[in-house]
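Chemist: sequence unavailable; structure follows:
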Ligand code: ADP
Ligand code: MG
């Protein structure tokens, strides 16, 4: 949480404490201030060491309890300390917060990520040597964070003495802003100087943040000149990050730039299989094939689709994810299979012919009943036959998400209530087979 907001929350919490406790007890809380509220740690400071220790000992739990309400976030711990000690505590809580489950062992390598993987492994094995900086880019959910976390995990196991700074644009910005506010820039700088491997995930968000960019640039140079490893990810290549200083861009390009693209079918299948194996999920081969075939946008969605299948299997009390469970569970994720004989376009044409309207009418903004019914039919059939997600349906039909949802609901009502409509649906499904 941003420090100004945290201060605001703390003020209202103090007010409440004062009312609840009465003036005498409130004495202990009067001069407390909030130092930071992040990563499930609420850090409070008191200028006097004795008071800080006393409050920490006696009131920790009550503060923790109250803080959830006033800060609107769940804390695991409240620490009351002196401002001098707070810096180190916060630093410790921030350090090494990377996911231990993202490793090289459970990263599936395919054509889409082979180069990035090879570079990442080389960096993990000998940081600061050849591939510096390493810049990995690719779309959302394709494995960037997983891959760079794998480097961090590898290094922390194999060279436990290395100082790893695992950051992202958000964290870096917060730290710079705080260093300015608390006048602790020199501490920040000397901490960065001690870093052996710097990771910055999602660097694209640094664009437009002028002050942070300056600090980042300084940190980057300092480390680079001392042959310390720097690893960066972004959702796009350096040249496409607008509002990024030119000197930064050229630094990013000076090492290795590797991209991760969308995984092919085999890679998707391998990822699913590995996940099932690791988590003890029982899934029919046919079902796995179906998921891997239909959910082709990114790996996060692929995992989401598998979770949906697990959920539906649970609901249906089936110990195994069967083909039919998978088919029902992935409707919202699935994309039109490439090269499939039936496309939304063909459905629109058939439906238009059936109802005697023009295809362009279905795709138009017209609201008369002659076209809205065929349109709802076409949207419904596209979903049934091609398993298009509601987002894709929106794109195909030039409608927003709400309209698509509404059309699907309407179609479903009419299927129940109107014999004509359900007959038409049946007939069209036959024709489209
Ligand atoms: P990004 O940072 O590019 O948005 P993530 O690294 O968060 O993507 O990956 C999204 C999910 O997909 C994570 O759960 C990750 O473990 C998984 N994942 C991505 N790539 C692979 C891969 N090659 N093998 C196994 N799992 C992967
Ligand atoms: Mg990421």
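Modeler: Structure received. Here the structure is a predicted model, which means the values were calculated and not measured. Ligands and ions are numbered 1, 2, ... in the order given.
Chemist: how close does residue 244 get to residue 385?
Modeler: To residue 385, residue 244 is 45 Å away according to CB to CB, to the nearest Å. Any C-beta I mention is one placed from the backbone N, CA and C, and that applies to glycine too.
Chemist: for residue 127, that is, sorry about that
Modeler: For residue 127 relative to residue 385 (CB to CB), the value is 52 Å.
Chemist: these two: which is more packed in?
Modeler: residue 127 (25 against 19; other CB atoms under 10 Å).
Chemist: where does that one sit, in terms of helix or strand?
Modeler: Assigned by DSSP states H and E, residue 127 belongs to neither a helix nor a strand.
Chemist: distance check, residue 431 against residue 352.
Modeler: 12 Å.
Chemist: make that residue 291, sorry
Modeler: Taking CB to CB, one finds residue 291 at 32 Å from residue 352.
Chemist: neighbour count for residue 431 and residue 352, which is higher?
Modeler: Per other CB under 10 Å, whichever of residue 431 and residue 352 has more neighbours is residue 352, with 21 against 12.
Chemist: which non-adjacent residue is nearest the more buried one?
Modeler: Distances taken as CB to CB, 6 or more residues apart in numbering place residue 359 nearest to residue 352, at 4.4 Å, with adjacent residues excluded.
Chemist: ok, whichever residue of the chain sits closest to ligand 1 - contacts?
Modeler: Using CB to the nearest ligand atom, the closest approach of the chain to ligand 1 is made by residue 143 at 2.6 Å. Shown in contact with residue 143 (CB atoms under 8 Å, 6 or more residues apart in numbering): 107, 113, 260, 299.
Chemist: tell me the confidence at residue 135?
Modeler: Residue 135 carries a pLDDT score of 97 in this model.
Chemist: who's it bridged to?
Modeler: residue 232, residue 257 (DSSP bridges).
Chemist: cool, and residue 283?
Modeler: residue 321.
Chemist: isn't it up against residue 276?
Modeler: Yes: the pair residue 283 and residue 276 qualifies as a contact (CB atoms under 8 Å) at a distance of 5.1 Å.
Chemist: neighbour count winner among the two?
Modeler: Counted by other CB under 10 Å, residue 283 and residue 276 do not tie: residue 283 has more neighbours, with 24 against 18.
Chemist: from residue 427, how far off is residue 386?
Modeler: Separation of residue 386 from residue 427 (CB to CB) stands at 18 Å.
Chemist: helix or strand for residue 275, which one?
Modeler: helix 265-279.
Chemist: and the contacts of the next helix or strand after that helix?
Modeler: Elements were assigned by DSSP H and E; along the chain past helix 265-279, the next helix or strand is helix 285-294. With contact meaning CB under 8 Å, 6+ apart, helix 285-294 is reached by 265, 268-269, 272-273, 276, 302, 305-306, 309, 321-323, 325-327, 330, 333-335, 337, 387.
Chemist: top helix in the chain by residue count?
Modeler: Counting by DSSP state H, the longest helix found in the chain is helix 3-30.
Chemist: dump the residue contacts of the closest residue to residue 58 other than its chain neighbours.
Modeler: Excluding the flanking residues, the one nearest residue 58 by CB to CB, 6+ apart is residue 28, at 7.9 Å. Contacts for residue 28 (CB under 8 Å, 6+ apart) come out as 51, 54, 55, 58, 59.
Chemist: quick one: buried residues of stretch 206-222?
Modeler: 206, 207, 209, 212, 213, 215, 216, 219, 220 (16 or more other CB atoms under 10 Å).
Chemist: could you redo the residues you listed as TSV and give each row pLDDT?
Modeler: Listed next are the buried residues of stretch 206-222 as TSV, based on pLDDT from 0 to 100:
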residue	pLDDT
206	84
207	81
209	85
212	89
213	89
215	90
216	91
219	92
220	93
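Chemist: in JSON lines, list the residues you listed along with secondary structure and distance to ligand 1.
Modeler: Output for the buried residues of stretch 206-222, formatted as JSON lines (DSSP: H, G, I helix; E, B strand; the rest coil; distance: CB to the nearest ligand atom, whole Å):
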{"residue": "206", "secondary structure": "helix", "distance to ligand 1": "16"}
{"residue": "207", "secondary structure": "coil", "distance to ligand 1": "18"}
{"residue": "209", "secondary structure": "coil", "distance to ligand 1": "20"}
{"residue": "212", "secondary structure": "helix", "distance to ligand 1": "21"}
{"residue": "213", "secondary structure": "helix", "distance to ligand 1": "22"}
{"residue": "215", "secondary structure": "helix", "distance to ligand 1": "24"}
{"residue": "216", "secondary structure": "helix", "distance to ligand 1": "19"}
{"residue": "219", "secondary structure": "helix", "distance to ligand 1": "22"}
{"residue": "220", "secondary structure": "helix", "distance to ligand 1": "21"}
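Chemist: the nearest residue to residue 80 once chain neighbours are set aside: which element?
Modeler: Sequence neighbours aside, residue 56 is the residue nearest to residue 80 in space, at 4.0 Å (criterion: CB to CB, 6+ apart). For residue 56, the host element (DSSP H and E) is helix 49-58.
Chemist: list of residues touching that helix?
Modeler: When contacts are defined by CB under 8 Å, 6+ apart, helix 49-58 is touched by residues 28, 29, 31, 32, 44, 45, 46, 63, 79, 80, 81, 82.
Chemist: ok, the second one - contacts?
Modeler: Pointing back at residue 29 there. Counted by CB under 8 Å, 6+ apart, residue 29 has contacts 14, 17, 18, 21, 55, 59.
Chemist: pLDDT at it, what is it?
Modeler: In this model, residue 29 carries a pLDDT of 92.
Chemist: distance of it relative to residue 50?
Modeler: 15 Å.
Chemist: do the same with the last one
Modeler: Residue 82 sits at a distance of 10 Å from residue 50 (criterion: CB to CB).
Chemist: next one: the fourth one
Modeler: When CB to CB is applied, the distance between residue 32 and residue 50 equals 13 Å.
Chemist: looking at the two, which is more packed in?
Modeler: Between residue 32 and residue 50, residue 32 has the larger neighbour count (other CB under 10 Å), namely 21 against 9.
Chemist: do I have it right that the more buried one meets residue 44?
Modeler: Yes: here residue 32 reaches residue 44: they are 5.0 Å apart, a contact under CB under 8 Å.
Chemist: joint contacts of these two?
Modeler: 10, 55, 80.
Chemist: list the beta-bridge partners for the last one.
Modeler: With DSSP bridges applied, residue 80 shows beta-bridge pairing to residue 44.
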